[in-house]
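Engineer: below are the sequence and a predicted model; questions follow.
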Amino acid sequence: MLPTRNYKEPTLVKGSKAPDILLEGTDSSMFELNNYKTSSKYILLLFWSAECPHCQETVDALYPWQNQPEIQKKVSVIAISLDETETEVKAWNQKIKDLAGWKHLRAAEGVRSKVASDYFVLSTPVMILLNEKTKEIISLPSSLAQLKAELP
């Protein structure tokens with residue numbers, strides 16, 4: 001008989017409740033995902049870094065798409081920066097000026113942060129689509145095309 005291992009079921013799968021997020025927002029207020037309300041049906045969590053080329057491509061495609069009035073009614077974006085260094089944080093502070101309408105948060109410890117660990121984020125960008133009311137995971141799209149295809 002094989003020894004029993006402590007195997008933990010994956011928690012970040014479609015249909016599961018997203019882990020809560022507790023981070024300070026850019027306005028210095030505390031943000032808590034479980035208490036976040038928006039008029040949109042869905043919330044898109046975007047883990048990114050301002051100096052990451054793949055993130056930049058994703059943001060440059062996602063932002064104009066999400067800012068269309070019919071998409072804004074469907075999807076609100078919470079952009080969670082994993083920028084750590086002084087240079088990265090400076091780039092992030094500059095970039096978010098061009099991304100009005102998104103909720104901006106920053107995990108100061110980057111990929112070593114609790115939120116990155118809770119969401120199994122080891123590299124960026126990562127997108128997770130949630131139901132606004134239940135905070136249930138709807139999709140884990142790897143691209144904007146996949147997000148568009150899987151958006152209910």
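Structural biologist: Alright, I've got the coordinates. Numbers count the residues shown, from 1 in each chain.
Engineer: by contact count, what packs against the longest helix belonging to the chain?
Structural biologist: Longest helix of the chain, by residue count under DSSP state H: helix 53-66. With contacts defined as 3 or more Cβ pairs under 8 Å, 6 or more residues apart in numbering; DSSP states H and E, helix 53-66 has these neighbours: strand 42-48, strand 75-81, helix 144-150. Heads up, the C-betas are built off the backbone N, CA and C, glycines and all.
Engineer: closest one to Glu132 among those?
Structural biologist: strand 42-48 (5.4 Å; Cβ to Cβ).
Engineer: JSON lines please, covering the helices and strands packed on helix 53-66 and showing distance to Ala116 and mean neighbour count.
Structural biologist: Formatted as JSON lines, the helices and strands packed on helix 53-66 follow (distance: least, Cβ to Cβ, whole Å; neighbours: other Cβ atoms under 10 Å):
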{"stretch": "strand 42-48", "distance to Ala116": "7", "mean neighbour count": "22"}
{"stretch": "strand 75-81", "distance to Ala116": "8", "mean neighbour count": "23"}
{"stretch": "helix 144-150", "distance to Ala116": "20", "mean neighbour count": "14"}
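Engineer: Pro125 is nearest to which of those?
Structural biologist: Across the helices and strands packed on helix 53-66, the minimum distance to Pro125, taken as Cβ to Cβ, is reached by strand 42-48, at 4.7 Å.
Engineer: list the buried ones in the longest helix of the chain?
Structural biologist: Judged by neighbour count using 16 or more other Cβ atoms under 10 Å, the buried positions of helix 53-66 are Cys55, Gln56, Thr58, Val59, Leu62, Tyr63, Gln66.
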